[in-house]
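Chemist: sequence first, predicted coordinates after that:
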Amino acid sequence: MELRWIDYVILLAYTGFVVGIGFALKRYMKTSADFLTSGRSIPAWVTGLAFMSANLGALELVGMAASGAKYGIATAHFYWLGAIPAMIFLAVFMMPFYYGSKARSVPEYLKMRFDERVRALNSISFAVMTVFASGISMNLLAKLLNQLLGWNYHISLLVCAGIVLLYVLKGGLTSAIYTEVLQFFMIVLGFAPVVYLGLKDIGGYGKLKEALQGVATQPQHFALAEKGFASDAWTSTWTPILGGPAANPMGVDVFSLVFGLGFVLSFGYWCTNFLVVQRAMAAKNMTAARNTPLIAAVPKMLLPVLVILPGMIAVGLAALNKGNYELPKVPVATSAFEAGAVAFQTATAAKLPAEEVVKAVQQKVPVFSFKETEFRALVAQAEAAPLTQTQIVDGLKSSAILQNSYDDVILSLVERYCPPGLLGLAFTALLASFMSGMAGNVTAFNTVWTYDLYQAYVAPNKSDSHYAWMGRFATIAGILLSIGCAYFASRFNNAMDVVQLVFGFVNAPLFATFVLGMFWARTTGTGAFVGLLLGTGTSAVFHGLTLAVGNIVGVKGGYFAQMVGMQPVIFPSEMAQNFWLAIFAFSVCLLSTFAISLATPRTKTDEELTGLVYSLTPKLKDDPNVPWFARPGIVGLFLLACCVVLNIIFF
Amino acid sequence: MGLDIRLPIGLMFTSIGLLMTIFGIFTANSDMYERSLGINVNLWWGIVQVVFGGWMLFSALRPQKPSKD
């Protein structure tokens, strides 16, 4: 990919505007609350778009296109099942407690509702998680710029971090929220033409559907899956899932999808993750705070068109062989083919049948498979007369079906359809989503650090200007720690996987604590604290006893099983393993919190829990100035109905 | 917060849009548009952005009702 001057001008214009916003906001940053919580002053449409785009980082853009190619339209479950219902629940039922309690963060709510232990547990794991998350995303960004444009890894990393530091330090959370809104429009305007051109090239959605139906019956030709599915596997959301794990490319069953993704993981993320909830808490009043997730739900529902459809278009293009388009591939070094050739020679010399020769070669060459007829021909040739090493290497190379590099799918389309100018716009959109992802994490980190760790445990009862100073200091420290994590991620890929895994363990049971805490006054601090620890422990044990098909024991699971010398329980896919893990962790946390709460005395009186627990809070009166059809409950129901309709259309 | 976000959004997209429109006019017959299926996307998408940015600017700058917004 080569950028021309026009592309650089667009990129610079965007950078100029985000830094400019930071400087323009500087004079409004007077107290620590202005800086860390936006002084609760932002209109709902702005917090709504920020709420949605805080989650629309570059990892999401790249990952959803990748899943669109890998699994087809069923990926939309991450939106229509795994996000919208939880967002509506947050708006209608949970926001009144978050916003009404005047808590400045999610951990602070936990302290008000339970006790310091629960807050400490949640804030420490959250603070560490945000730093790692932004580090991972920065590492990816710098790698991408390096591979794509040949920019220096270190300079790309430091310049992008510097820009984020500049605008967050000047404008605080408001800056981050404004930039997220800017990024949202940038992504829509930058990616919509790519999707339009891709669809036009294929000949419309009908043609795309036809092409994908052909792919579904023989996905092995495109290195998408080992064996064929029913023809609607890439173009229906529910039918393939209802057929069981073997009938859909995700390898999941309907129960774990609905309960694991649609309930535990989705509600756990959208209703308790401070990174997104913070956006709603910055709204100017209760109505705006409750409307935030509802406004966010509208673009969220339509987003699959921009983020999942490109992946499906890529597979369609490859299937129709439009302009020789191929899915991006994972390159294989010639040295691997040479090692494969040695294995080939040994195997053919031993007169093994072709199926055995393939197996021997595949152990040395990391490819998806070999084209059968061509490989058999090569074996027959070798049997007739010994081939030279070069002949075998060439033969293997020409018959190899390489593995897909799914993460490059979105960029391959941008490159294919964007002339200079539009290329700059699409590229800037991608860069913007990386930077605003970093800013989102840093602004969540500095608030939790300042209010929930520093003010709570290190230096209570200081002046507000001291905490405002600490907020700025934490911003700088957060960015520096993220840079450190980025380097860590670039060096120790495996260590990074472990870190992410551990956070998965911590997050899986979290929603059980919130749901009991908010809706059952009897829940005690000890119950919540011990329940959370047991839930997290369950995640770790479950992961150590299970494994997905095709994975080896290690970071992917199975380690405890190996330790005690038993066979790990095998799941049809990693996704199924994750969904079931969440279900188990949630259930254990829910049941143990329930049981321990009954066994321990209450520490908070009814008065103390007013405004924090559903049954003890006077029912929120809807603002009489708001017409009935604009009330959160009604809007929520309407959005839920729209979501159901979408599911039916693409059933 | 004192700064209306529609202002920077409007300014940014009108300027990027204008830039792309002008670039599109000057490169109208260039073969680089083979990539975009023969459509001069810079021209058309530039105009779309100018319209969007202009609408944002208009709504930010028109006289405000004396409400709490």
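Modeler: Structure's in. What do you need?
Chemist: chain B against chain A: which residues are in contact?
Modeler: Proximity of chain B to chain A, by Cβ under 8 Å from any Cβ of the partner chain, involves residues B:1-3, B:5, B:8-9, B:11-13, B:15-16, B:19-20, B:23-24, B:27, B:30, B:32-33, B:35-37, B:39, B:41-42, B:45-46, B:48-49, B:52, B:69. The way it works is simple: take the backbone N, C-alpha and C, and place the C-beta from them, glycine included.
Chemist: show the buried residues in those.
Modeler: If you count burial by 16 or more other Cβ atoms under 10 Å in any protein chain shown, the buried members of these come out as B:1, B:3, B:5, B:8-9, B:11-13, B:15-16, B:19-20, B:23-24, B:27, B:33, B:35-36, B:39, B:41-42, B:45-46, B:48-49, B:52.
Chemist: wait, what's in contact with A:Lys284?
Modeler: A:Arg40, A:Ser41, A:Ile42, A:Pro43, A:Ala44 (Cβ atoms under 8 Å, 6 or more residues apart in numbering or on different chains).
Chemist: residue ranges with poor pLDDT in the chain?
Modeler: Answering for chain A, as no chain was given. Along chain A, the model assigns pLDDT under 70 to residues A:622.
Chemist: sorry, I should have been clearer: chain B.
Modeler: Using pLDDT under 70, the flagged stretches of chain B are B:1, B:64-69.
Chemist: what about the helices in it?
Modeler: Remark: helices assigned in chain B by DSSP state H are B:6-26, B:41-61.
Chemist: how far is stretch A:451-462 from where the chain is centred?
Modeler: How far stretch A:451-462 lies from its chain's middle: 31 Å, per Cα atoms, centre = their mean, to the nearest Å.
Chemist: same check on stretch A:375-394?
Modeler: Distance, stretch centre to chain centre, for stretch A:375-394: 46 Å (Cα atoms, centre = their mean).
Chemist: next: stretch A:419-438.
Modeler: 19 Å.
Chemist: do stretch A:341-356 as well
Modeler: Per Cα atoms, centre = their mean, the centroid offset for stretch A:341-356 relative to its chain is 43 Å.
Chemist: and the residue of the stretch 201-350 of chain A found nearest chain B, what does it touch?
Modeler: Relative to chain B, the nearest point of the stretch 201-350 of chain A is A:Asp201 (6.1 Å; Cβ to the nearest Cβ). The contact partners of A:Asp201, by Cβ under 8 Å, 6+ apart, come to A:Leu317, A:Lys322, A:Gly323, A:Tyr417, B:Leu37.
Chemist: of those residues, just say which sits nearest to A:Pro568.
Modeler: Closest approach to A:Pro568 among these (Cβ to Cβ): A:Leu317, at 38.8 Å.
Chemist: and for the nearest residue to that closest one once chain neighbours are set aside, the neighbour number?
Modeler: Leaving out its chain neighbours, the residue that sits closest to A:Leu317 by Cβ to Cβ, 6 or more residues apart in numbering or on different chains is A:Tyr325, at 4.1 Å. The local packing of A:Tyr325 (other Cβ atoms under 10 Å in any protein chain shown) involves 18 other residues.
Chemist: one more: B:Val50?
Modeler: B:Val50: 19 surrounding residues under other Cβ under 10 Å.
Chemist: so it touches B:Leu18, yeah?
Modeler: Yes - B:Val50 is within contact range of B:Leu18, at 5.9 Å (criterion: Cβ atoms under 8 Å).
Chemist: list residues touching both of these two?
Modeler: Counting by Cβ under 8 Å, 6+ apart, B:Val50 and B:Leu18 have no common neighbour.
Chemist: so which bits of the stretch 151-300 of chain A are right by chain B?
Modeler: The interface of the stretch 151-300 of chain A toward chain B, taken as Cβ under 8 Å from any Cβ, is made up of A:Thr174, A:Tyr178, A:Val181, A:Leu182, A:Phe185, A:Leu189, A:Pro193, A:Leu197, A:Lys200, A:Asp201.
Chemist: which of these fall in strands?
Modeler: Per DSSP state E, strands hold no members of those.
Chemist: out of those residues, list just those in helices.
Modeler: A:Thr174, A:Tyr178, A:Val181, A:Leu182, A:Phe185, A:Leu189, A:Pro193, A:Leu197, A:Lys200, A:Asp201.
Chemist: name the nearest residue to residue 9, ignoring sequence neighbours.
Modeler: The chain I'm using is chain A. Per Cβ to Cβ, 6+ apart, closest to A:Val9 is B:Leu19, 6.5 Å.
Chemist: that answer is for a different chain, and I need it for chain B
Modeler: Per Cβ to Cβ, 6+ apart, closest to B:Ile9 is B:Met56, 4.9 Å.
Chemist: how many residues are close by the closest residue to A:Thr217 other than its chain neighbours?
Modeler: Nearest in space to A:Thr217, with sequence neighbours left out and distances taken as Cβ to Cβ, 6+ apart, is A:Gly228 at 4.7 Å. Neighbours of A:Gly228 under the rule other Cβ under 10 Å: 14.
Chemist: what does A:Asn146 give?
Modeler: By other Cβ under 10 Å, neighbour count at A:Asn146 equals 16.
Chemist: could I get the full set of helices for the stretch 201-350 of chain A?
Modeler: Remark: helices assigned in the stretch 201-350 of chain A by DSSP state H, counting those that start in this stretch are A:205-217, A:239-242, A:254-255, A:266-272, A:274-281, A:286-302, A:304-307, A:309-320, A:334-349.
Chemist: so which of the ones you listed comes closest to A:Gln567?
Modeler: In terms of Cβ to Cβ, the element of the helices of the stretch 201-350 of chain A nearest to A:Gln567 is helix A:254-255, at 23.3 Å.
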